[in-house]
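return a 3D structure for these sequence lines:
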Amino acid sequence: MLEILKAVILGIVEGITEFLPISSTGHLVLVDEFIKLNEPKKFIDMFNVVIQLGAIMAVVVLYFHKLNPWSPKKSRLERSQTWTLWKKVIIAVIPSVIIGLPLNDWMDAHLMNWLVVSIALIVYGVLFIVIENHNQNLRPRFDSLNTLPYKVAILIGGFQILSLIPGTSRSGATILGAILIGTSRYVAAEFSFFLAIPTMFGASLLKLYKFFAHGGTLAGNQGLILAVGVIVSFVVAFTITFLYGKTHNHLVNPVVEVADADAVDATTQANEAVATVASANQPSGEAAKTETLGAPVSGTAEDLSQVNDEVFSQKMMGDGAAIVPSDGTIVAPADGEITVAYATKHAYGLTSTDGAEILIHIGLDTVNLKGDHFTSNVAQGQKVKKGDVLGTVDLDAVKAAGYDTTTMIGITNTANYSAVKQLADGTVQAGDDLIAVVGKN
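Next up, the predicted model:
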């Protein structure tokens, strides 16, 4: 009975520490110095890793909708974003597999003790303070999971290797690494969580395999001790995460910003019912209606696939076109209503009178400019006519700040149309015919 109580205590410690940037394994090692499970070292080493599955599963349950790329409640865009996120996570795991697997046993044999754990906890605590102070006034280069480049994902995964050192928090190492590379704190923390899922599942399966492959058995109460530890860590982690999510809604119902485009996607989903009714009411045999949209800015039109951002080039935001602007005046491509007017003034959402949901995004990653070098003349809910000036951008200043000014115009409800066709290539003037959207019969 006493050993079961010890497993409960260790489960509570694990549930509390798993998602904090402090080493959960390190704390289990330190707590074991005081309460000491009366079991063989081989079992304790396996227990300290496998118990983490409970905490991981707790947040998987709460995050399940976001993690599930097959969710019927997701739009086509959201499913595509989820698959892209998982690809980045799998790529980020590669450094741990290549480097971590060969070193894991040596690290456990030589460094798994209270002294190394204590030193690591202190060192990383100091590093967190130093890096936080250093970066507090710096603008992050990456503040969206969906615009996080694959090469950055694998670099973050490289920092996870540091967690092989006992007392080094896996989440702490990856969060610090991501912040140093230039991500926002939100992106660093959330990507670290997603990275934990395959990492900890893999580590637990490996520990279990080695335990049984080397003659280990769950003798006596060991099976019950392991089960109690996993269940308690699940319950504690679930409770803490759920209660935290009640006051920090992004955790349980996180918003993945795609250069602030999810707000447009939310508008898209809200209007899907309207589009469906309109389609249903169209008389049988009536020719599909075509709407022509104008260029929102003067410049050189090019195919959307040429844009140096996979969110747009892979048409995750819908089909459309891109323009390398020669002038900084942004105009409405059609009559309609402004559905989203961003405080950062770098993008606009507009729904045309014929139902096309249009995203105009000025530049790549320009959300990071926080509105500098942009002006806006419109507000959400405002009616506009084709050619009305929505705002302006100082192209030279944006370029001088290191940003690509390529402007994208995407039809976020592309799925509602039988075709989206680019009408112009090369030099265009603001207002020139640029895109035709063809309705479904």
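
ok, residues contacting stretch 204-211?
Defining contact as CB atoms under 8 Å, 6 or more residues apart in numbering, one finds that stretch 204-211 is touched by Lys42, Phe43, Asp45, Met46, Val49, Val50, Gln52, Leu53, Leu101, Asn104. Yep, even glycine has a C-beta here, placed from its N, CA and C like the rest.

show residues contacting the strand or helix carrying Gly410.
Using DSSP states H and E, Gly410 sits in strand 407-411. Under the criterion CB under 8 Å, 6+ apart, residues 293, 295-297, 299, 304, 307, 312, 315, 317-325, 330, 333, 356-363, 417, 420, 434-435, 437 lie in contact with strand 407-411.

again with stretch 217-229
By CB under 8 Å, 6+ apart, stretch 217-229 touches 3-4, 6-8, 10-11, 14, 37, 39, 43, 47, 50-51, 54.

what does stretch 2-16 give?
24, 27-28, 31-32, 35-39, 47, 51-52, 54-55, 58, 221, 224-226, 228-237, 239-240.

so how far is stretch 228-241 from its chain's centroid?
Centroid separation for stretch 228-241 versus its chain: 24 Å, with CA atoms, centre = their mean, to the nearest Å.

name the residues of that stretch that are buried.
Val228, Gly229, Val230, Val232, Ser233, Phe234, Val235, Val236, Ala237, Phe238, Ile240, Thr241 (16 or more other CB atoms under 10 Å).

stretch 347-362 now?
Buried-residue list, stretch 347-362, by 16+ other CB under 10 Å: 347-352, 354-362.

can you tell me which of the residues you listed lies closest to Val389?
Nearest to Val389 among these is Tyr348, at 11.4 Å by CB to CB.

how about the closest one: what's its closest non-neighbour residue?
Ile360 (4.7 Å; CB to CB, 6 or more residues apart in numbering).

so the one you found bridges to which residues?
Per DSSP bridges, the residues bridged to Ile360 are Tyr348, Ile409.

so what's it up against?
Pro296, Ile330, Pro333, Ala347, Tyr348, Gly349, Leu350, Leu390, Thr407, Met408, Ile409.

mind giving me TSV with those residues and columns for distance to Lys88 and pLDDT?
Formatted as TSV, the contacts of Ile360 follow (distance: CB to CB, whole Å; pLDDT from 0 to 100):
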residue	distance to Lys88	pLDDT
Pro296	31	96
Ile330	32	96
Pro333	32	96
Ala347	23	93
Tyr348	28	94
Gly349	26	92
Leu350	31	93
Leu390	33	96
Thr407	26	95
Met408	21	94
Ile409	26	95
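
over to Leu350. Which of the three states is it?
strand (DSSP: H, G, I helix; E, B strand; the rest coil).

check which helix or strand the closest residue to it other than its chain neighbours maps to.
In space, Leu350 comes closest to Ile358 once its chain neighbours are excluded; the distance is 4.6 Å by CB to CB, 6+ apart. With elements taken from DSSP H and E, the one containing Ile358 is strand 357-362.

and the angle from that strand to strand 347-352?
150 degrees (axes from the mean of the first three to the mean of the last three CA atoms, to 10 degrees).

just the strands in the stretch 1-150 of the chain please.
For the stretch 1-150 of the chain, applying DSSP state E, counting those that start in this stretch gives no strands.

residue boundaries of the helices in it?
2-17, 24-35, 41-50, 52-67, 76-95, 101-111, 114-135, 150-159 (DSSP state H, counting those that start in this stretch).

now the first one: buried residues?
With burial defined by 16+ other CB under 10 Å, the residues of helix 2-17 counted as buried are 3, 6-17.

next: the last one.
Neighbour counts using 16+ other CB under 10 Å place Val152, Ala153, Leu155, Ile156, Gly157, Gly158, Phe159 of helix 150-159 among the buried residues.

who touches the helix or strand following it?
Scanning forward in sequence from helix 150-159 by DSSP H and E, the next helix or strand is helix 170-181. Here helix 170-181 makes contact (CB under 8 Å, 6+ apart) with 18-23, 124, 127-128, 131, 135, 141-142, 152, 155-160, 162-163, 185, 187-189, 191-193, 195-196, 199.
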